[in-house]
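Enquirer: have a look at this prediction, sequence included:
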Amino acid sequence: KKTRLERNEIYRARDFLPWQLDRNIFIKGTDEDFANRIANNSGQAEKFAQFINSQVVPLIDEKFRGSQERTLIGHSFGGVFTTFMLLCHPENFAKYLAIAPVLASEYYAQKEMFDALTKKLPTAEKLVYFSIGSEEKDDRMSDYIGAVKNACLEIGKLPNILSKFEIIEGENHASVVTPSIWRGLKFFNN
């Protein structure tokens, strides 16, 4: 029987990641059966994107008065999903805040991950704020922050994307969320 924590980990990898995790790198040191379940279920973000675009956004539009200036915010794997939505499904959001997105290609079975993400680049300008904490570490990589920074900067070079990347001093993977939201919203409103 799976625990709630195990289900959450499996569902996060399934729903937020557009690529399968490389079980030899990302899930290294995890119980083999659990690692296999996470890896085998990961990489189904397209289904989650379809659900958001076809059911969630229309329901919100029907029930609430809003604007087309929607903002999508995600942290960690959610930051990967936010980036995926920007590059593959840019139609429903105008602003994207990706906090500590796990965008190092070394973690994924598809090492050419960004080639796959440029399927449907935005035709209208999108604002994107990327951040990571200066205290974030990953023993599986020698320069984790540098890898994430490079990936974010590459995305920022794509057409119709106006972005900002920040390393937030003194913050770790968990504590970076709140200051990132404030800084991202400030960037969007300047």
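Expert: Alright, I've got the coordinates. Numbers count the residues shown, from 1 in each chain.

Enquirer: show me where pLDDT drops low in this structure?
Expert: For the chain, applying pLDDT under 70 flags the ranges 1-2, 26-29, 111-119.

Enquirer: so for it, the centremost residue is which one?
Expert: Centroid-nearest residue in the chain, with CA atoms, centre = their mean: Val80, separated by 1.6 Å.

Enquirer: hang on, isn't that residue packed against Leu103?
Expert: Yes: using CB atoms under 8 Å, Val80 is in contact with Leu103, at 6.3 Å. For the C-beta atoms, the positions are set from N, CA and C on the backbone; glycine is no exception.

Enquirer: ok, back up a step: which residues does the residue nearest to the centre of the chain contact?
Expert: 16-18, 45, 74, 98, 101-103 (CB atoms under 8 Å, 6 or more residues apart in numbering).

Enquirer: at 7 Å what do you get?
Expert: Neighbour list for Val80: 16-17, 101-103 [criterion: CB atoms under 7 Å, 6 or more residues apart in numbering].

Enquirer: ok, and the closest non-adjacent residue to it?
Expert: Pro101 (5.0 Å; CB to CB, 6 or more residues apart in numbering).

Enquirer: separation between Val176 and Glu6?
Expert: Counting by CB to CB, to the nearest Å, the gap from Val176 to Glu6 is 25 Å.

Enquirer: touching, Leu86 and Ala124? I think so.
Expert: No: with contact defined as CB atoms under 7 Å, Leu86 does not count as touching Ala124 (11.8 Å).

Enquirer: give me the more crowded residue out of those two.
Expert: Counted by other CB atoms under 10 Å, Leu86 and Ala124 do not tie: Leu86 has more neighbours, with 25 against 9.

Enquirer: skipping its backbone neighbours, what lies nearest the more buried one in space?
Expert: Take Leu86 and drop its neighbours on the chain: the residue closest to it by CB to CB, 6+ apart is Tyr96, 4.8 Å away.

Enquirer: and that neighbour, how many neighbours?
Expert: 28.

Enquirer: which element is it on?
Expert: strand 95-99 (DSSP states H and E).

Enquirer: pull up the pairing partners for that strand, direction included.
Expert: Strand 95-99 sits in its sheet next to strand 71-75 (parallel), strand 126-133 (parallel), going by DSSP bridges.
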